[in-house]
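Student: Output the structure for:
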Amino acid sequence: MAAKIFIDTNLLVYSMDSNEPQKREKCREALRRVRDHYRGVLSTQVMQEFFVAATKKLGVDVLQAKNIVRQFENFEVVTVSPGLIYEAIDCSILNQLSFWDSLIVVAAESAKCNEIWSEDLNTGQIIRGIRVVNPLK
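Tutor: So this is what the prediction gives:
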C-alpha cells in the first residue's frame, strides 16, 4: 500500500498562484508526485481554507473555486468532528502549535498518514508520529 500524504492548504493555494510562479511550479510537481506515487489525504478544514484563500487572495471566481473544491473529493477526506477538535486542543497545548496547525496534525494522524506536506510547520519535525515535509524546499 502506498504511503499516505496529508496535503496542507498552502500547497493547493500556491499551485494556482500566478504571483508566485516558482512556488506554483513546485507545488504542482508535489501534487503530481502525490497523485502518481502516494495516497493523498486532506480534511474539510483544508477544503474550507482553500475556498476562502482562492476566492479572496487569488480572486478565483466562486463557482470555479467550488468546482475545484469538489475535485478534492478524489482525495481521502477527513471530516473535522468535535472529537478531532478536542484532540487538536490537546495537541496545541502539548506541542505548542497553533490550534489550526494542530487540527491539521490530528486529522493526518486520524487518517494514518506517514507525512504532512506543508510550508507552515517545521520540515523534518515529527509530531504525533507524523513527519513534516516542506516540498517547497
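Student: C-alpha from now on. contacts and neighbour counts both.
Tutor: Will do.
Student: Pull stretch 68-76 out as CSV, backbone CA atoms only.
Tutor: Below are the C-alpha coordinates for stretch 68-76, written out as CSV (Å, rounded to 0.1, in the frame of the first residue of the first chain):
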residue,chain,number,x,y,z
ILE,A,68,-12.0,22.8,-7.6
VAL,A,69,-13.1,22.0,-4.1
ARG,A,70,-15.5,19.4,-5.4
GLN,A,71,-12.4,17.7,-7.1
PHE,A,72,-10.8,17.4,-3.7
GLU,A,73,-13.1,14.6,-3.1
ASN,A,74,-10.8,12.5,-5.2
PHE,A,75,-8.5,12.5,-2.2
GLU,A,76,-9.3,10.8,1.1
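Student: Secondary structure element holding the spatially closest residue to residue 136 that is not a sequence neighbour?
Tutor: Leaving out its chain neighbours, the residue that sits closest to residue 136 by CA to CA, 6 or more residues apart in numbering is residue 26, at 6.0 Å. Assigned by DSSP states H and E, residue 26 belongs to helix 21-37.
Student: Direction included, what does the helix or strand that that helix is followed by pair up with?
Tutor: Downstream of helix 21-37, the next assigned helix or strand under DSSP H and E is strand 39-43. Partner strands for strand 39-43, per DSSP bridges, with pairing direction: strand 4-7 (parallel), strand 76-78 (parallel).
Student: Perfect, I'm done here.
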